[in-house]
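Undergrad: sequence first, predicted model second:
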Amino acid sequence: MMKTPSWLEDAVFYEIYPQSFYDSNGDGIGDIPGIIEKLDYIQSLGVNAIWLNPCFESPFQDAGYDVSDYYQVASRYGTNEDLRKLFETAKQREIRILLDLVPGHTSINCQWFQESQKHNRNPFTDWYIWTNSVWTWETPGIRTVMGYAERNSSYVTNFFYFQPALNFGFANPDPRFPWQQPVDAPGPKSVRQELKNIMKFWLDLGANGFRVDMAGSLVKNDSGWKETGKLWGEMRDWLDQNYPEAVIISEWGYPSKSITAGFHMDFMLHFNTSGLTSLFRKPYGHGPGSDPYGFSYFDRSGHGNIRQFLDDYLPHYEKSKDYGHIALISGNHDITPRIGFKRNVDDLELCFLFLLTMPGTPFIYYGDEIGMDYLDWLPSKEGGYERTGVRTPMQWDNSPNAGFSTAAAEKLYLPVDERPERPIVLNQEEDGNSLLNRVRRLIQLRKNHDSLKASGNLEILFAEADQPLFIYKRSNRYESIIIAINPSGKSCEALISGTSISNYPTTIYGHQKPFSRHGENWKIFLPAVSASILRE
């Protein structure tokens, strides 16, 4: 069993999209000094860790996921000294900061790539994946860009054309294509070392770890991720030896593979796994059809199916729970729509109650704690396309630009939600029953009960495909907590075995006294859109 830093046990993360959080200098773009100014607010939520989306130098064709200099903070956000100050100031509040590491590709503006694309051999020639001729039209399963480089080659790209893939090698090089280098070739080995150099640089400055972009995609032609797993096992060993409190989280979306390979955490995401989508974001109003449950589980229709999540989640949980944690998220910069889309405060409270009482590590996307909406009418910004509408400025108050920036509205990174009914922090601070304050209470409840933290045991007590009720137990050697959720618009009841619960449970949050004896069994009743957290 790999040792996981103890601070992860009660970690609750907050994801910040830096260009949209708070603008401290009035240029219309959020920045690192702005994050520092808002640390008191972040601390007041009860979160104790931040995932900061990419803040490195970039031409921002893909919102910073096209890095041109891994060792320099982008000038739009501030300086390296500003970032060091953020690390230091957050540490004083016992908040840890994880940076977003993009190891799979760079920008075409990166100096490494500019050297690699030259026709004369140099130290960077094999840092990227190049074919043996510019006339290589297609290679199965691989995207290439032709005609850009000085050298007589096409380059492999991971995503957009301006994101050339760094060369971590091929697990099974195709002999028909001699340009496919093995993982132990000099180029891939140099790139691996550079990845360690980058991590060391920022860890030494004060970072507490990294969320790793597209972590499962580095080694090419790697069916089953065998060589990719070895690569991250090597990185984990290096971290454990040199930075044992540092954490790496993978954007892999397959926790049973990524966590056992060496990551401390992986996300349940909308690719590789389907469980997250079935919770919050299946299309509204599709109803019965080819998919008999065309709604998300947290939908008032009652047509959601909690088994769609559990049948995906539980196998990953069982295989990974002794090695690390699965991260469940309210949303992120890539997932549409926001969790607040077409939900009211009561609906959202149940979503957060679930996120904050399940095993593993919860992540809250900035603004979700106040119920910010998805602005689906926005044109694409910096490669956002339909994702642009979940990246809008944080809504702080009712001053111009919702308090995000003093810049003229037309200079903002993205428009703010201008609706009169938009949620803002200021109003919710003053309302004890607001979503913001409900989320704060749920975070505090999680922290007050060790069984609700990352490693507490999970036992499913009731979860049927055709029933809205979901009942589960979290426990450790000292206590058991029962969570019962009914997201539907109708009251629900169910019977569970009398042996499932040893003592009459006492409500500590939510609907009072949902349990009653029914012969040898327990009967549970929950009104519409309600939940209970109970101590056994």
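TA: Perfect, I can see it now.
Undergrad: C-alpha from now on. contacts and neighbour counts both.
TA: Noted.
Undergrad: which helices and strands sit right next to the least confident helix or strand in the chain by mean pLDDT?
TA: Of all helical and strand segments in the chain, the minimum by mean pLDDT, DSSP states H and E falls on helix 275-280, at a mean of 84. Contacts defined by 3 or more C-alpha pairs under 8 Å, 6 or more residues apart in numbering; DSSP states H and E place helix 275-280 against helix 306-320.
Undergrad: chain center to the helix it packs on, what's the gap?
TA: Distance, stretch centre to chain centre, for helix 306-320: 18 Å (C-alpha atoms, centre = their mean, to the nearest Å).
Undergrad: got it, and stretch 504-524?
TA: Between the centre of stretch 504-524 and the centre of its chain there are 34 Å (C-alpha atoms, centre = their mean).
Undergrad: what mean pLDDT does that stretch have?
TA: Mean pLDDT, stretch 504-524: 95.
Undergrad: mind listing what's buried along it?
TA: Of the residues in stretch 504-524, those buried under the neighbour-count criterion (16 or more other C-alpha atoms under 10 Å) are 505-507, 509-511, 513-515, 522-524.
Undergrad: who touches the least confident helix or strand of the chain?
TA: Identification of contacts with helix 275-280 by C-alpha atoms under 8 Å, 6 or more residues apart in numbering yields 268-270, 295-299, 304-306, 308-313, 328, 339.
Undergrad: list buried residues within these.
TA: Burial by neighbour count, 16+ other C-alpha under 10 Å: within the contacts of helix 275-280 this picks out 268-269, 295-299, 304-306, 308-310, 312-313, 328, 339.
Undergrad: for this protein, give me the ranges with low pLDDT.
TA: Scanning the chain for pLDDT under 70 picks out 1-2, 271-274, 283-294.
Undergrad: so which elements touch the longest helix anywhere in it?
TA: Secondary structure of the chain read by DSSP state H shows that its longest helix is helix 186-205. Contact here means 3+ C-alpha pairs under 8 Å, 6+ apart; on that basis helix 186-205 packs against strand 69-73.
Undergrad: quick check, distance from the strand it packs on to the centre of its chain.
TA: Centroid displacement of strand 69-73 relative to its chain, using C-alpha atoms, centre = their mean, is 22 Å.
Undergrad: now swap in stretch 19-30 and tell me
TA: Computed by C-alpha atoms, centre = their mean, the chain-centroid distance of stretch 19-30 equals 22 Å.
Undergrad: contacting residues around that stretch?
TA: Against stretch 19-30 from outside (C-alpha under 8 Å, 6+ apart): 18, 31, 33-35, 37-38, 76-77, 366, 391-394, 404-409, 411-414.
Undergrad: what's the ChimeraX syntax to select whichever of those residues are buried?
TA: A single ChimeraX command selects the buried members of the contacts of stretch 19-30 (16+ other C-alpha under 10 Å):
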select :18,31,33,34,35,76,77,366,391,392,393,394,404,405,406,407,412,413,414
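Undergrad: narrow the contacts of stretch 19-30 to those in helices?
TA: 33-35, 37.
Undergrad: and stretch 337-345, how far apart are its ends?
TA: With C-alpha to C-alpha, to the nearest Å as the measure, stretch 337-345 spans 16 Å from end to end.
Undergrad: show me the contact partners of that stretch.
TA: The contact list for stretch 337-345 (C-alpha under 8 Å, 6+ apart) reads 280-281, 330-331, 348, 368, 371-374, 387, 389-390, 434-435.
Undergrad: quick one: which two of those residues are the most distant?
TA: Maximum pairwise distance in those, criterion C-alpha to C-alpha, is 26.7 Å, between 387 and 434.
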